[in-house]
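Enquirer: turn this into a model:
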Amino acid sequence: MTVPLPLEGLTAIVTGAGRGLGRAEALELARLGAAVVVNDFGQPGRDGSGEASAGPAERVAEEIRAAGGQAVAHTGDVADHQQTRELTELAITEFGKLDILVNNAGILRDRMVFSMTEGEWDAVIRVHLKGHFNTTRFAAAHWRERSKAAGGPVYGRIVNTSSEAFL
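Expert: Got it, this is the predicted structure:
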């Protein structure tokens with residue numbers, strides 16, 4: 001008899017999942033049985049600079065599939081309202097629902113507040129705050145709709161990650 005995996009039948013979105021902590025989170029969720037939407041805008045610089053590429057998200061999604069899991073890549077910008085709507089819709093279209101949202105996407109502006117420019121600050125706020133708002137907004141709308149249809153509570157979890165870079 002095969003023991004079901006703890007997250008089998010659940011679907012997760014992990015933002016910023018092309019590298020680092022987001023990649024590790026996506027791989028672990030898949031190892032535990034979740035279907036994963038791997039989101040990463042794919043800019044090569046940790047500071048959000050460079051030409052966007054589907055490469056990082058695609059590589060992690062392929063790694064999950066090669067290990068026997070279910071995954072699809074999404075390369076949209078979480079700070080863009082429409083692209084984030086499409087991210088949530090992708091999870092629902094591909095896997096039937098969304099259960100877990102991991103807000104991990106972020107950029108680094110490695111400066112002290114007294115030397116940071118207004119433009120650098122705006123970029124950080126755009127990704128870290130607006131990006132978290134956008135994903136949470138569409139996940140919550142999905143869970144509310146599912147709850148109304150079910151006539152009761154549904155499973156929904158949000159994990160927000162943070163960096164120690166501010167230290």
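Enquirer: tell me which other helices or strands the helix or strand of the chain with the lowest mean pLDDT touches.
Expert: Ranking every helix and strand in the chain by mean pLDDT, DSSP states H and E puts helix 118-125 at the bottom, with a mean of 89. For helix 118-125, there is no helix or strand it packs on, judged by 3 or more Cβ pairs under 8 Å, 6 or more residues apart in numbering; DSSP states H and E. (Glycine included, C-beta is placed from N, CA and C.)
Enquirer: quick one: contacts of the helix or strand that it is followed by?
Expert: Sequence order places helix 131-150 as the next helix or strand after helix 118-125, per DSSP states H and E. Here helix 131-150 makes contact (Cβ atoms under 8 Å, 6 or more residues apart in numbering) with 13, 15, 77-81, 84-85, 87-88, 92, 97-98, 101, 103, 105-106, 153-154, 156, 158, 160.
Enquirer: pull out the buried positions in helix 131-150.
Expert: Gly131, His132, Asn134, Thr135, Phe138, Ala139, His142, Trp143, Arg146 (16 or more other Cβ atoms under 10 Å).
Enquirer: avg pLDDT for that helix?
Expert: Helix 131-150 shows an average pLDDT of 97 in the prediction.
Enquirer: re the thing from before, from the contacts of helix 131-150, list the buried ones, please.
Expert: 13, 15, 77-80, 84-85, 87-88, 92, 97-98, 101, 103, 105-106, 154, 156.
Enquirer: please enumerate the strands of this protein.
Expert: With strands called from DSSP state E, the chain shows them at 11-14, 35-39, 71-74, 100-103, 157-160.
Enquirer: make CSV out of those strands and add distance to Ala26 and mean pLDDT.
Expert: Formatted as CSV, the strands of the chain follow (distance: least, Cβ to Cβ, whole Å; pLDDT from 0 to 100):
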stretch, distance to Ala26, mean pLDDT
strand 11-14, 4, 98
strand 35-39, 5, 98
strand 71-74, 7, 98
strand 100-103, 8, 98
strand 157-160, 12, 97
